[in-house]
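**Student:** can you look at this prediction? I've put the sequence above it.
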Number of protein chains: 2
Amino acid sequence: MNQRNLEHGKKPSKIRELFEIAKKRKEKYGIDNVYDFSIGNPSIPAPEIVYETLRDLIDKSSNEEVHFYTSNPGDLSVRNAIAEYLSKTYHTELKGDYIFMTCAAAAALSISFNALLEKGDEVIVFAPFFPEYSILIEHTDAKTVIVKPDSKTFLPDFDDFKNKISPKTRIVVINSPSNPTGVVYKEDTLIKISEILKEKEKEFNHPIYLIADDPYRELIYDDIDFPIVTRYYDNSLICYSFSKSVSLPGARIGYIAINPKAKDVEDIFFAICGASRALGYVCAPSLYQFMIPHILGKTSDLSIYKKNRDLLYSELKNIGYEMIYPDGAFYIFMKALEDDAEKFALNALDYNLVIVPSDSFGYKGYVRIAYCVKEEIINNSIPSFKKLYERYQK
Amino acid sequence: MNQRNLEHGKKPSKIRELFEIAKKRKEKYGIDNVYDFSIGNPSIPAPEIVYETLRDLIDKSSNEEVHFYTSNPGDLSVRNAIAEYLSKTYHTELKGDYIFMTCAAAAALSISFNALLEKGDEVIVFAPFFPEYSILIEHTDAKTVIVKPDSKTFLPDFDDFKNKISPKTRIVVINSPSNPTGVVYKEDTLIKISEILKEKEKEFNHPIYLIADDPYRELIYDDIDFPIVTRYYDNSLICYSFSKSVSLPGARIGYIAINPKAKDVEDIFFAICGASRALGYVCAPSLYQFMIPHILGKTSDLSIYKKNRDLLYSELKNIGYEMIYPDGAFYIFMKALEDDAEKFALNALDYNLVIVPSDSFGYKGYVRIAYCVKEEIINNSIPSFKKLYERYQK
């Protein structure tokens, strides 16, 4: 048996573990009596256009394409539509030829890592970061190198970043809006990261790829223009998922978009095709591929998340909790009331609050609260958050 | 860049290469003037119950589950339904707890290999075999060991099989009905394989897993009871896809079923969960998962394939070609008219016949003809097959 994968299976992610705990508690206490902030499962329905399009595609059941294999990188008309939409919306230049359809963002990252990494390479991630990154990186026998955040802004600590880039650095991953902090990288941050990387590329004389894990791109609640990575840095890739923006995590649909300006872009595309084959991804689900051109630019009613954020942030602040202000995504990153966030999250369970300790995100002393839940769950959870706070004041 | 995956991407599978050639020829000569026998894309629609169920699930759009993440192994009610159906239909004993939902059979195999294999292990496959097996196996740094067939029956050469099992053999893969030969392993073959493996397990004192790649299980046209692997051998796994039986290759839905009697079945299940995580498979598409309980035991109208097989087999026989009689799947494995099957397939293109040379299936001198096409394509292709035959008589 493969010992590494056995370990990954025996020790599921903290998020999934708490998701399952919450599930069991809901069966015991009733679904409305457990305040499940564990998982990023969108709480709002997909926009109506999604259902309309799916119905329409299924009714045209004579249209074989909708249920049949597409080419391995996906249907070219779909890829062209995505390239056109992104280029227009984010003022960048992308091409359908360099877009590869995937089973959402996890597959996009997995395929990209397997395409670009050789054993012993290093991948830089910025703490706190989505814990699955290290599992995916480890699978390629590359090494995850963690850069610490500025403890006030939760943007990267740029000195630490510079120091951690080595001749072995092959990939840098950014994730904005961030899971778990909700922090958004504004243009100046993108420029700074790019400048540092360009310098290091020159120094080490080989490309360093900047991968933007972008599933939360549309989930920005304040007046910030989203700076897309391909505008700022040539050797870049976008990994995207429709899971969050249109509330379809179960659909497993997303893509990799390679910057056409990337060095050896043809080879990157080939390596992505090859990695996808070697991992057993034949093509992304066809029905959902053909849905995409009809729903580009559409989102679920994201104002609900904004309302949730405003409500939960101000309530928690009132109680006395410390948090980073989250511009986007649907997470609040809150300081635990003791050094051991795992213990803090365990204590929270006493009040049926299911929150995820930050340890597995590569950062200690915080918890992640996923507020993609019904508003009443937030309202009803406040007394529990109060009790939890009071417990620590004694 | 990862050189191995770059190579896989630059050199797509012969099947996919010919599929793309056929696509281009169709644009040039018209869709009905190219006899595209390249790919196993089902040519018959899904059964009506598939469309009904999908429509029904989508209309219940308030039902969040249909579009949201399921647990990593899939929804338990779906897995239980599959276990119950298989146990009843094939007189075996399976459990939902040990069923893992996947993005169809390629993912099922990829995840199983990554769960069970360590670097340096050996996997036995029986030639001729689906070429993607070796790509998936190579990804785990294990080695593909090829057992030759009996040149008359195209069942395994059992002496060669015995000789090729080494202390490093960890997995044996069977595929019945076979892609590319259409041969079906009857009960006596399953018993023989199991006996040999049980003996070798004793000799080497460790489990050897028998994986049945079963997507063509329902596509058997003659009076043969399908012998399911779990009835004959304890350390066995079934990898299944709904791509062929209900004509949904684009849906990417299937499963791994582990024999509950397998040694360390719990650990196998955990290793499968872990491998799935490490490869970036979060969960199988939810909509299609929830479709499964409604369509179990249903198939497309497979009598059309039987008709195609009977027609093509007798026509080719009449012309003078030599073939193995295919009991199942939708492939005819035909002897090329020269030693070099690649050249033969290239010559066939002159008559707009798109057929796949057997070399990449680990066997020389044959071509695979995928007869999952419209009947008129078969009828119209016969003069071309005649011309091709005559060309070799000169």
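**Tutor:** Received the coordinates, thanks. Since we're looking at a predicted model, the values are computed, not measured.

**Student:** please, which helix or strand holds residue A:171?
**Tutor:** Secondary structure from DSSP states H and E places residue A:171 in strand A:169-174.

**Student:** swap in residue A:255?
**Tutor:** Going by DSSP H and E, residue A:255 is part of strand A:254-258.

**Student:** right, and the helix or strand after that strand?
**Tutor:** Next along from strand A:254-258, by DSSP H and E: helix A:265-279.

**Student:** against which helices or strands is that next one packed?
**Tutor:** strand A:99-102, helix A:104-116, strand A:254-258, helix B:3-10, helix B:132-139 (3 or more Cβ pairs under 8 Å, 6 or more residues apart in numbering or on different chains; DSSP states H and E). All C-beta atoms are positioned from the backbone trio N, CA, C, and that covers glycine.

**Student:** turn the ones you listed into TSV, columns for mean pLDDT.
**Tutor:** Formatted as TSV, the helices and strands packed on helix A:265-279 follow (pLDDT from 0 to 100):
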stretch	mean pLDDT
strand A:99-102	98
helix A:104-116	98
strand A:254-258	98
helix B:3-10	91
helix B:132-139	96
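
**Student:** distance of the residue nearest to residue A:185 when sequence neighbours are not counted from chain B?
**Tutor:** Nearest residue to residue A:185 in three dimensions, chain neighbours excluded: residue A:176, at 3.8 Å (Cβ to Cβ, 6 or more residues apart in numbering or on different chains). Relative to chain B, residue A:176 is positioned 20 Å away (Cβ to the nearest Cβ, to the nearest Å).

**Student:** now residue A:228
**Tutor:** 22 Å.

**Student:** what lines up beside the strand holding residue A:255 in the sheet?
**Tutor:** With DSSP bridges as the test, strand A:254-258 is paired with strand A:99-102 (antiparallel), strand A:236-241 (antiparallel).

**Student:** so which of the ones you listed is nearest residue B:43?
**Tutor:** strand A:99-102 (23.5 Å; Cβ to Cβ).

**Student:** residues contacting that closest one, please?
**Tutor:** Contacts with strand A:99-102, where a contact means Cβ atoms under 8 Å, 6 or more residues apart in numbering or on different chains, come from A:70, A:73-75, A:78-79, A:82-83, A:108, A:111, A:239, A:253-258, A:269, A:272-273, A:276, A:281, A:283-284, A:289.

**Student:** wouldn't residue A:72 be in contact with residue A:282 here?
**Tutor:** Yes. With contacts counted by Cβ atoms under 8 Å, residue A:72 reaches residue A:282, the gap being 7.0 Å.

**Student:** one step back: and the strands paired with strand A:254-258: which comes nearest residue B:37?
**Tutor:** Nearest of the strands paired with strand A:254-258 (Cβ to Cβ): strand A:99-102, 26.3 Å.

**Student:** give the contact list for the nearest residue to residue A:254 once chain neighbours are set aside.
**Tutor:** Ranked by Cβ to Cβ, 6+ apart and with sequence neighbours excluded, the top spatial neighbour of residue A:254 is residue A:241, at 3.6 Å. Residue A:241 sits next to A:104-106, A:108, A:215, A:249, A:253-254 when contact means Cβ under 8 Å, 6+ apart.

**Student:** 7 Å instead?
**Tutor:** A:104-105, A:215, A:254 (Cβ atoms under 7 Å, 6 or more residues apart in numbering or on different chains).

**Student:** closest to residue A:167 out of those?
**Tutor:** For these, the nearest to residue A:167 is residue A:105 (28.8 Å; Cβ to Cβ).

**Student:** what about that closest one, distance to residue A:230?
**Tutor:** 16 Å (Cβ to Cβ, to the nearest Å).

**Student:** neighbour count: the two, which is higher?
**Tutor:** residue A:105 (29 against 25; other Cβ atoms under 10 Å in any protein chain shown).

**Student:** any idea how far the more buried one is from residue A:40?
**Tutor:** From residue A:105 to residue A:40 the distance is 11 Å (Cβ to Cβ).
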